[in-house]
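Trainee: Dropping the sequence and predicted coords here.
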Number of protein chains: 2
Amino acid sequence: MVAMQALPHPERDEIRIEAVLHALADPVRLRIVRELALRPDGVSCGLMDLGISASTLTHHVRTLREAGVVFVTPRGTSRISSLRREDLDALYPGLLNGVLAAPR
Amino acid sequence: MVAMQALPHPERDEIRIEAVLHALADPVRLRIVRELALRPDGVSCGLMDLGISASTLTHHVRTLREAGVVFVTPRGTSRISSLRREDLDALYPGLLNGVLAAPR
């Protein structure tokens, strides 16, 4: 059993609005964010049933991580993704709730 | 003097979150949106001093219009752009304020 390595994340003050908006402006990534919003403790990406391949999911989660939208933290042999709600709410109050409230 | 033609806009119920986020996820378009947020009565694009060419500005305003972020309405020989704040606040409460609050 090989433990997963830690992945780099932007600090809160390195997060940029354009990158966050770009990361959110994709239907699959938006579904990932909606899913994570329901799971404040985070979830292993493999357990999200989004009907896409593992490599596609990995790509999208990486885009979200690099933009500062999600944390991806190793836990044993898994990686747990969680929404950076505290950081996003502090930087852009209302944005995340507005996006999550979107009927479409 | 030839009056400007009216341009097509999505109705409120045709606006899609992905298109709005994509339209906002660009530094120039974000500056346009910030500028328009300060001018509730709208402004002729030619009067916005963004240091970009007229054709580039037209391109970005079109992206914003087609996404449902701005209205562009003819007034004589000009086109007046204004933010669709009421529509966006109704569809995605908090999103626009969160974006406008962004320090970066």
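Mentor: It's in.
Trainee: got a list of contacts for the worst-scoring helix or strand of chain A on mean pLDDT?
Mentor: For chain A, using mean pLDDT, DSSP states H and E, the weakest element among its helices and strands is strand A:43-44, scoring a mean of 88. By CB atoms under 8 Å, 6 or more residues apart in numbering or on different chains, the surrounding residues in contact with strand A:43-44 are A:35-36, A:75, A:78-82. For glycine as for every other residue, the C-beta is placed from the backbone atoms N, C-alpha and C.
Trainee: Is it correct that A:Val61 is in contact with A:Val72?
Mentor: Yes. Shown here, A:Val61 and A:Val72 form a contact pair, counting by CB atoms under 8 Å, at 6.3 Å.
Trainee: which residues do these two both contact?
Mentor: Taking CB under 8 Å, 6+ apart as the contact rule, A:Val61 and A:Val72 both touch A:45, A:81.
Trainee: before we move on, back to that, could I have the buried ones of the contacts of strand A:43-44 as PyMOL selection syntax?
Mentor: Burial among the contacts of strand A:43-44 is assessed by 16 or more other CB atoms under 10 Å in any protein chain shown; the matching PyMOL selection reads:
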select buried, chain A and resi 35+36+79+80+81+82
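Trainee: Which strand residues bridge the residue nearest the centre of chain A?
Mentor: What sits nearest the mean C-alpha location of chain A, by CA atoms, centre = their mean, is A:Val70, with 3.1 Å. Bridge pairing for A:Val70 (DSSP bridges) gives the partners A:Leu83.
Trainee: May I have the residues that are in contact with it?
Mentor: By CB under 8 Å, 6+ apart, the contact set of A:Val70 is A:32-33, A:36, A:61, A:64, A:81-84.
Trainee: Closest to B:Leu24 out of those residues?
Mentor: Nearest to B:Leu24 out of these is A:Val33 (CB to CB; 15.6 Å).
Trainee: tell me the pLDDT at that closest one?
Mentor: pLDDT for A:Val33: 95.
Trainee: For the helix or strand where A:Arg29 lies, what is the distance to the chain centroid?
Mentor: For A:Arg29, the host element (DSSP states H and E) is helix A:27-37. Centroid displacement of helix A:27-37 relative to its chain, using CA atoms, centre = their mean, to the nearest Å, is 8 Å.
Trainee: packing partners for that helix?
Mentor: Here helix A:27-37 touches helix A:17-24, helix A:54-67, strand A:70-75, strand A:78-83, helix A:95-100, helix B:17-24, going by 3 or more CB pairs under 8 Å, 6 or more residues apart in numbering or on different chains; DSSP states H and E.
Trainee: Same question for it: list its buried residues.
Mentor: Neighbour counts using 16+ other CB under 10 Å place A:29-30, A:32-33, A:35-36 of helix A:27-37 among the buried residues.
Trainee: Out of these, the closest to B:Pro103 would be?
Mentor: A:Val33 (21.6 Å).
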